[in-house]
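Trainee: Give the three-dimensional model of this entry:
(2 chains)
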Amino acid sequence: AQKVTQAQTEISVVEKEDVTLDCVYETRDTTYYLFWYKQPPSGELVFLIRRNSFDEQNEISGRYSWNFQKSTSSFNFTITASQVVDSAVYFCALTLLNFGNEKLTFGTGTRLTIIP
Amino acid sequence: NAGVMQNPRHLVRRRGQEARLRCSPMKGHSHVYWYRQLPEEGLKFMVYLQKENIIDESGMPKERFSAEFPKEGPSILRIQQVVRGDSAAYFCASSLPAGNGEQYFGPGTRLTVT
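Mentor: I've put the predicted structure just below:
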């Protein structure tokens, strides 16, 4: 069975600092997708990124960047120059694309607080 | 193109009552997933449905919970005889059968059992 671990339960940083959220996953499958979602205080889920298991290129989108390393089964997320609006709970997730069943396995989330 | 819609957004039920949560997928989407988020926890998969079929209900409690996705109309998650432990946010997501892992989430229904 697959598993996603987000060991950091809560992180607080001062505004403008960089912060990295860790995600480690477990699966025996070779074909899978990894995701990051943001859940702001309003409660909805905001999609941030999807990455398939065959694409290990790092990705940058504005202040956000992702580091995918299959060798360590990690998919870490870095926010550069953090802002108060980044305060939220962040979830990492995995899906196996198993015969069309794309159910997501989520980590327990990291609560990020940006201190002004 | 409207996104995934869920209603009600907030639902309060007394212990023993029934809760019905609705999810209207994005237009053209035939796959629906339900997830539950208990307070201060991550989301947990409950059930995966295609039109008129339950494909995977491995995450759904065996008793009191049921789900359907009829040919016409929204998907329904039904909880009978609710208990305090059912208080949670329930999210649905829809997708095409595209095989690319792309799911679109609704805003969630917050169920409070008093």
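
Trainee: Checking the closest residue to chain A within chain B next. Helix, strand or coil?
Mentor: Nearest residue of chain B to chain A (CB to the nearest CB) works out as residue B:101 at 3.5 Å. Using the backbone N, CA and C atoms, a C-beta is placed for each residue, glycine as well. Three-state assignment for residue B:101 (DSSP: H, G, I helix; E, B strand; the rest coil): coil.

Trainee: wait, doesn't it sit right on residue A:33?
Mentor: Yes. Under the criterion of CB atoms under 8 Å, residue B:101 makes contact with residue A:33 at 3.5 Å.

Trainee: can you list residues touching both of the two?
Mentor: The contact sets of residue B:101 and residue A:33 overlap at A:50, A:52, A:95, A:97, A:102 (CB atoms under 8 Å, 6 or more residues apart in numbering or on different chains).

Trainee: which stretch of helix or strand covers the first one?
Mentor: Here residue A:50 sits within strand A:46-52, counting by DSSP states H and E.

Trainee: Does the helix or strand just after that strand reach chain B?
Mentor: Proceeding N to C from strand A:46-52, the next assigned helix or strand is strand A:59-61, under DSSP H and E. No. Residues of strand A:59-61 contacting chain B under CB under 8 Å from any CB of the partner chain: none, with a closest distance of 15.5 Å.

Trainee: helices and strands around strand A:59-61, which ones?
Mentor: strand A:46-52, strand A:64-69 (3 or more CB pairs under 8 Å, 6 or more residues apart in numbering or on different chains; DSSP states H and E).

Trainee: In stretch A:63-72, which residues are buried?
Mentor: A:64, A:65, A:66, A:67, A:68 (16 or more other CB atoms under 10 Å in any protein chain shown).

Trainee: re earlier: what's the separation between the residue of chain B closest to chain A and residue A:34?
Mentor: 9 Å (CB to CB, to the nearest Å).

Trainee: repeat for residue A:70
Mentor: Residue A:70 is 10 Å from residue A:34, by CB to CB.

Trainee: what's the overlap in contacts for these two?
Mentor: What both residue A:70 and residue A:34 touch, as defined by CB under 8 Å, 6+ apart, is the set residue A:53.

Trainee: Give me the pLDDT value at the residue nearest to residue A:40 when sequence neighbours are not counted.
Mentor: Closest residue to residue A:40 apart from its sequence neighbours, by CB to CB, 6 or more residues apart in numbering or on different chains: residue A:88 at 4.5 Å. We have a pLDDT of 97 for residue A:88.

Trainee: For chain A, give me the ranges with low pLDDT.
Mentor: For chain A, no stretch is flagged by pLDDT under 70.

Trainee: so residue B:23 sits right up against residue B:70, yeah?
Mentor: No. With contact defined as CB under 8 Å, residue B:23 does not reach residue B:70; the gap is 11.9 Å.

Trainee: need the contact list for residue 70.
Mentor: Using chain A here. Residue A:70 touches A:53, A:56, counting by CB under 8 Å, 6+ apart.

Trainee: um, chain B though
Mentor: B:51, B:52.

Trainee: Close to chain B: what parts of chain A are there?
Mentor: Residues of chain A lying near chain B (CB under 8 Å from any CB): A:33, A:35, A:37, A:43-45, A:47, A:50, A:52, A:91, A:93, A:95, A:97, A:100-109.

Trainee: ok, what's across the strand from the residue of chain A found nearest chain B?
Mentor: The minimum distance from chain A to chain B, using CB to the nearest CB, falls at residue A:33 (3.5 Å). Beta-bridge pairing of residue A:33 under DSSP bridges involves residue A:52, residue A:95.
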